[in-house]
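please find the sequence and the predicted model below.
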Amino acid sequence: MGLLTIIRKIKRKEKEMRILMVGLDNSGKTTIVLKINGEDTSVISPTLGFNIKTITYQKYTLNIWDVGGQRTIRSYWRNYFEQTDGLVWVVDSSDLRRLDDCKMELDNLLKEERLSGASLLILANKQDLKGALTPDEIAKVLNLENMDKTRHWKIVGCSAYTGEGLLEGFDWLVQDIASRIYMLD
Amino acid sequence: MEEETATSPPTDLSNPTKSSDHALQKKHQAMLDRLSNRHQARNKSSSSSSATESTASFLSKFSDSKRLIESQLSESSKLATTDTTRLKSHLADISSSISALEQLVAENSYLLPSYELRSSLKTVSELKQSLDSLNAELVPKKKFSFKNKSTNKTSVSGPKETEIAKPEPPKPTLVIRDLPGIRNKENEILAKNFRDSEAGEFTLSDLDSCEVRLIGCVSVLFINRLTNCKVYAGPVMGSILIEEVENCVFVLASHQIRIHYAKGSDFYLRVRSRPIIEDCGGVRFAPYCLSYEGIEDDMIKAGLAEDTGNWSNVDDFKWLRAVQSPNWSVLAESERVGAIELKDLGSMTGEG
């Protein structure tokens, strides 16, 4: 309790937020992070391990943990759960075949107690593709309506390729976290 | 111990040892009593006076604000008849002064004698009750609106029921609409030209002993469950995801390539980032070797004009060590198929 209070105080002073990006492989997590940060997205290798990006967003400092999504390394996700303020679940909206996988992994993640307080942003990525499911359809498939009532969540369609929707999603996430942690200042 | 023996000799001389022990104990007890008495006395003189003092000051403060609140309460019944507009804020004031009083009690609870504490808490709760009853009595508006709402609900019970009924069956329609692609074929040559169409995503799945020729760009390529197939494809602008393939040959160009569950297959790649394999065995890699008329333009369009040489920088997620993974290798030049040219969709030539 004492330590938590101290950490909270430090965070409040620095206005830091810790954001965890997860999702299946090939969903576009790294591309999204780089796009938000205005970096080149043309050469991105599948993430072996993780990347950390510190981004100044509005008046906050976001520490974004972008963790690789390959099946083999999904079991390591749990090493990154501690102190997570915001969870970003990235979905490849065009990968219909693996939506079941996607739902199962998300369900597992949301059972995690260490993430129970985190705001959840679901990014229905790759909306630039013709066959992509809409955010509404993704919400249906993932059964988001029946989520635990205490969870703050939102689904936003986006394209890491064009950048569309990314700011909308992160605006919501940052505001939601801020209103929880910093009592809206 | 030494001290004891030093003082005991005189008694030792006159009395037997037993009684001397007894006397010693008595003495000791007397000293302890004296000490504790003195200690208590000192305590009383310093702190107890301040405690009684603060109790008294608390009680006077408490009774003052209690009286104030009581007068406010009685005033509010008058206000209700004369100035109803001010009534609401007046009642709110009373409510806040009651909470302030409660706060005062809480702050002083540790020094108050238990009787005072109990009685003051009781007073607070009585004040609260009388405020509540006044609220109920004098603010009929609120009461009315409550009633209004509840009657509203009951009277419009028809649509409410339908509202509940609506979201009841969340149909398990997993919106499976298939992406464009080629599926479930055997022993066929399958060709498709994307050069004039708008690039989208494309799927190859469940093919056995087929040859697939894709000319032009697509955005995304999904390859799933192929055996004994040859796949020749123009540049893919986004990523390629391959799962469950066996004894196949792929000639592919893309930004990203992920290969899962591949066995005994060869990949001729041009890829901007590092290709990855996971749960694969006996897969071999070589540089891209396909050409067709206009492929240069397509490569430029897809940002793949230059070969980065990444085709051999394979990451094996099942082999996270510095030494070479046993699951993949570079295909020896002598074993490579050589340049492949698609003349048109129907025919092709292979060299070497």
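Thanks, I have it.

helix/strand/coil for whichever residue of chain A sits closest to chain B?
For chain A, the nearest residue to chain B under the criterion Cβ to the nearest Cβ is A:S45, separated by 3.8 Å. Where C-beta positions appear, they are placed from N, C-alpha and C, glycine not excepted. Following DSSP: H, G, I helix; E, B strand; the rest coil, A:S45 is assigned to coil.

neighbours around it, how many?
Using other Cβ atoms under 10 Å in any protein chain shown, A:S45 has 18 neighbouring residues.

and if you look at B:L112?
Neighbours of B:L112 (other Cβ under 10 Å): 20.

tell me which other helices or strands whichever strand in chain B runs longest touches.
Ranked by residue count, the top strand of chain B under DSSP state E comes out as strand B:230-246. Packing partners of strand B:230-246 (3 or more Cβ pairs under 8 Å, 6 or more residues apart in numbering or on different chains; DSSP states H and E): strand B:211-215, strand B:220-227, strand B:249-263, strand B:290-292, helix B:295-301.

quick one: the third one to strand B:230-246, angle?
Okay, so that is strand B:249-263. Computed by axes from the mean of the first three to the mean of the last three Cα atoms, to 10 degrees, the angle separating strand B:249-263 from strand B:230-246 equals 0 degrees.

mind listing the helices for chain A?
A:2-14, A:29-36, A:71-74, A:99-110, A:135-141, A:166-181 (DSSP state H).

any stretches of the stretch 101-250 of chain B with poor pLDDT?
B:139-178 (pLDDT under 70).

please enumerate the helices of it.
Per DSSP state H, counting those that start in this stretch, the stretch 101-250 of chain B carries helices over the ranges B:114-138, B:140-155, B:157-165.

coming back round to it: show me what contacts the residue of chain A closest to chain B?
A:S45 makes contacts with B:256, B:273-274, B:276, B:315, as judged by Cβ atoms under 8 Å, 6 or more residues apart in numbering or on different chains.

then B:L179?
So B:L179 contacts A:94, A:96, A:131, B:200-203, B:222 (Cβ under 8 Å, 6+ apart).

mind putting those residues in CSV, neighbour count and distance to A:E112 included?
Supplementary listing: the contacts of B:L179 in CSV, determined by neighbours: other Cβ atoms under 10 Å in any protein chain shown; distance: Cβ to Cβ, whole Å:
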residue, neighbour count, distance to A:E112
A:S94, 24, 27
A:L96, 22, 26
A:G131, 20, 32
B:G200, 18, 36
B:E201, 24, 32
B:F202, 21, 36
B:T203, 22, 33
B:F222, 23, 30
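
which of those fall in strands?
Per DSSP E, the contacts of B:L179 map to strands at B:201-203, B:222.

for chain A, state which of those residues is nearest.
Using Cβ to the nearest Cβ, B:E201 is the member of the ones in strands among the contacts of B:L179 that lies nearest chain A, at 5.1 Å.

now the closest one: how far from B:E306?
25 Å (Cβ to Cβ, to the nearest Å).

and for B:D93, nearest residue in space, chain neighbours not counted?
Leaving aside its chain neighbours, B:D93 sits nearest to B:Q72 (7.0 Å; criterion: Cβ to Cβ, 6 or more residues apart in numbering or on different chains).

to clarify, my last question referred to A:I36.
A:L166 is the one closest to A:I36 (Cβ to Cβ, 6+ apart), at 5.6 Å.

isn't A:I73 up against A:P46?
No - look at A:I73 against A:P46 with Cβ atoms under 8 Å: they stay out of range, at 10.2 Å.

who has more neighbours, these two?
Each of A:I73 and A:P46 has its neighbours counted (other Cβ under 10 Å); A:P46 has more, 21 against 18.

show me what contacts that one?
Contacts of A:P46 by Cβ under 8 Å, 6+ apart are A:25-26, A:68, A:70, B:256, B:258, B:273-274, B:276, B:315.

tell me the pLDDT at it?
Note for A:P46: predicted pLDDT of 93.

report the separation between it and A:R71.
Here A:P46 is placed at a distance of 12 Å from A:R71 (Cβ to Cβ).

same question, B:K122
66 Å.

likewise for B:N184?
26 Å.

neighbour count winner among these two?
Each of B:N184 and A:R71 has its neighbours counted (other Cβ under 10 Å); A:R71 has more, 16 against 9.

tell me who's in contact with that one.
Taking Cβ under 8 Å, 6+ apart, one finds A:25, B:260, B:278-279, B:317 in contact with A:R71.

just put the residues you listed in a markdown table and tack on pLDDT.
Output for these, formatted as a markdown table (pLDDT from 0 to 100):
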| residue | pLDDT |
| --- | --- |
| A:D25 | 96 |
| B:H260 | 97 |
| B:E278 | 95 |
| B:D279 | 95 |
| B:F317 | 93 |
